[in-house]
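*Asks:* The following block contains a protein sequence and its predicted model.
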Amino acid sequence: MNIHREKAELWQKMNDLEPVRPMVWINEIPWHEMDVDNELTIKSRHKWEQQQEMLMRREIYQWKHLPVDMVVSDYITCSLAIHSTEFGIVENVETVQTDSTSDIVSRYFNRQITELGDIEKNQAPKSITQ
């Protein structure tokens, strides 16, 4: 049986509250500190390609150096290409970044609904063709 299928079954059993053994998942990785031997260096040029390459390089790096109970899928996810019509309220956030080489930031979300009348700010989504 494939190692990834075995690990996926162990995760499923744990999530079904029938654990076989404790599972280990390393998901907090300071990626900006890990590119010692250019294993994570992006070589593609297009923004979308760079995002895909970054995800793949990180997964390969993690499998090579920190696999523990990691499961590698046999497919690549790709985000949808969509146009947002928004709902009337867009994110109003302040961020603080302590390390410019890290993609980790702290966020403070400014409150936008403070009274009952603010509910009117929400709008039904509109079709792109309208």
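*Replies:* In hand now; what should we look at?

*Asks:* Can you list the low-confidence ranges for the protein?
*Replies:* Within the chain, the stretches with pLDDT under 70 are 1, 80-87, 125-130.

*Asks:* 50 - rerun?
*Replies:* Counting by pLDDT under 50, the chain shows low-confidence ranges at 130.

*Asks:* Over to I89: give its phi and psi.
*Replies:* Here is the backbone geometry of I89 (degrees, to the nearest 10): phi -120, psi 120.

*Asks:* contacting residues around it?
*Replies:* Counting by C-beta atoms under 8 Å, 6 or more residues apart in numbering, I89 makes contact with 112-113, 121-122. (C-beta placed from N, C-alpha, C; glycine too.)

*Asks:* Contacts only, for the residue nearest the centre of the chain.
*Replies:* The centroid of the chain falls nearest to L55 when counting by C-alpha atoms, centre = their mean (9.3 Å). Residues near L55 by C-beta under 8 Å, 6+ apart: I76.

*Asks:* Roughly how far does it sit from T95?
*Replies:* 22 Å (C-beta to C-beta, to the nearest Å).

*Asks:* and if you look at I104?
*Replies:* Distance from I104 to T95, by C-beta to C-beta: 10 Å.

*Asks:* okay, the two: which has more neighbours?
*Replies:* Remark: of I104 and T95, I104 carries more neighbours, 11 against 8, as counted by other C-beta atoms under 10 Å.

*Asks:* and the more buried one, backbone torsions?
*Replies:* Here is the backbone geometry of I104 (degrees, to the nearest 10): phi -90, psi 130.

*Asks:* For it, give its distance to L66.
*Replies:* 18 Å.

*Asks:* can you check I89 too?
*Replies:* Counting by C-beta to C-beta, the gap from I89 to L66 is 39 Å.

*Asks:* my read: Q123 touches G88, true?
*Replies:* Yes - if you go by C-beta atoms under 8 Å, Q123 and G88 touch, sitting 3.8 Å apart.

*Asks:* Grab the longest helix from this protein for me.
*Replies:* helix 47-65 (DSSP state H).
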